[in-house]
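*Asks:* all I have is the shape, not the residue letters:
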């Protein structure tokens, strides 16, 4: 799959998940991604792993009060778990060049992770339960460690 199409599919999944707060449109994009992918098995396994890890990470941060997803959501909404599956579309395609580049992954995680959550908050998908700067700093620390680990999983799962 061309890297630009992969990136556009992910961005579309992120935007529709955050605006609609629904997993269904994300699942449709994931199905399209898998249909177009030449690494279906690796991508599918990575999606399942990322969903599990994402539910643990975001669930833990929710328990700590970092996120507030609104009434009726105890830990992590399904649309956010689906978004973790969408994140798994990137490492074997548009971000494959980052595999094995530890410090670039640390930097990317520390910057892009908090930016994605802050964007979701700004678009009304959630609220921070903490003041903005401590929330962003915590997310930067979490994602500086998490993203390199997620990329290492992708390197292991790649065809």
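*Replies:* Noted; the coordinates are in hand. Just so it is clear, the structure is predicted and the values come from calculations on it, not from any experiment. Numbers count the residues shown, from 1 in each chain.
*Asks:* so where's the protein shaky on pLDDT?
*Replies:* For the chain, the stretches flagged by pLDDT under 70 are 157-159.
*Asks:* can you rerun that using 50?
*Replies:* Low-confidence regions of the chain, defined by pLDDT under 50, span residues 159.
*Asks:* that one: helices as residue ranges?
*Replies:* With DSSP state H applied, the chain shows helices at 3-20, 24-36, 40-63, 78-87, 102-122, 132-157, listed in chain order.
*Asks:* just the buried residues of stretch 2-12, please?
*Replies:* Using 16 or more other CB atoms under 10 Å as the test for burial, stretch 2-12 gives 6, 9, 10, 12. Using the backbone N, CA and C atoms, a C-beta is placed for each residue, glycine as well.
*Asks:* in JSON lines, list the helices of the chain along with distance to residue 94.
*Replies:* Below are those laid out as JSON lines (distance: least, CB to CB, whole Å):
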{"stretch": "helix 3-20", "distance to residue 94": "4"}
{"stretch": "helix 24-36", "distance to residue 94": "11"}
{"stretch": "helix 40-63", "distance to residue 94": "12"}
{"stretch": "helix 78-87", "distance to residue 94": "12"}
{"stretch": "helix 102-122", "distance to residue 94": "12"}
{"stretch": "helix 132-157", "distance to residue 94": "12"}
